[in-house]
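A.B. asks: this is a predicted model, with the sequence first.
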Amino acid sequence: MLGLLLLYWIGKYFYKLAEEYDKSEWGFAILGVVVYYAGIIAASFTIGIILGLFYPEFLETMNDTVLSLFMIPFGILSCYLLYMLLEKSWKKTKADKDRFADQIS
């Protein structure tokens, strides 16, 4: 249940960002959720490989629930980074368009 609530908030923030800059709202809401899962998968593989090389017995005895809870911040961080990147890029593009429109008129 907590996971669904988290996915809702991620989608909502990306939806609002896309709406503010006249982009595809649902496309970017879905992109936010996909990036969340991609961040979790990338972090899981990286940490799994590192722990597998140096502490193989740790992975065998670790609880799966604890591992999945440990990966949530990596998914949120990946969403946050994408959100900031999109916002910065779209702000710059919007400012350039406004400046160009001012020069024309």
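C.D. replies: Everything's here; your move. Residues are numbered from 1 along each chain as shown.
A.B. asks: quick test: name the residue nearest the centre of this structure.
C.D. replies: residue 79 (1.6 Å; C-alpha atoms, centre = their mean).
A.B. asks: quick check: closest non-adjacent residue to that one.
C.D. replies: residue 36 (5.0 Å; C-beta to C-beta, 6 or more residues apart in numbering). Just so you know, the C-beta spots here come from the backbone N, C-alpha and C atoms, and that holds for glycine as well.
A.B. asks: repeat that for residue 74.
C.D. replies: Nearest to residue 74 is residue 43, by C-beta to C-beta, 6+ apart, at 3.6 Å.
A.B. asks: the one you found is in what secondary structure piece?
C.D. replies: If you go by DSSP states H and E, residue 43 is part of helix 25-54.
A.B. asks: got it, and residue 22?
C.D. replies: Using DSSP H and E, no helix or strand contains residue 22.
A.B. asks: any idea how far it is from residue 94?
C.D. replies: Distance of residue 22 to residue 94, given as C-beta to C-beta, to the nearest Å: 9 Å.
A.B. asks: and what of residue 35?
C.D. replies: 22 Å.
A.B. asks: specify which residue of the two has the higher count of neighbours.
C.D. replies: Legend: neighbour count by other C-beta atoms under 10 Å for residue 35 and residue 94, higher for residue 35 (20 against 13).
A.B. asks: related to what we said a few turns ago, the residue nearest to residue 74: neighbour count?
C.D. replies: There are 18 residues near residue 43, going by other C-beta under 10 Å.
A.B. asks: my read is that it contacts residue 71, right?
C.D. replies: Yes: using C-beta atoms under 8 Å, residue 43 is in contact with residue 71, at 5.6 Å.
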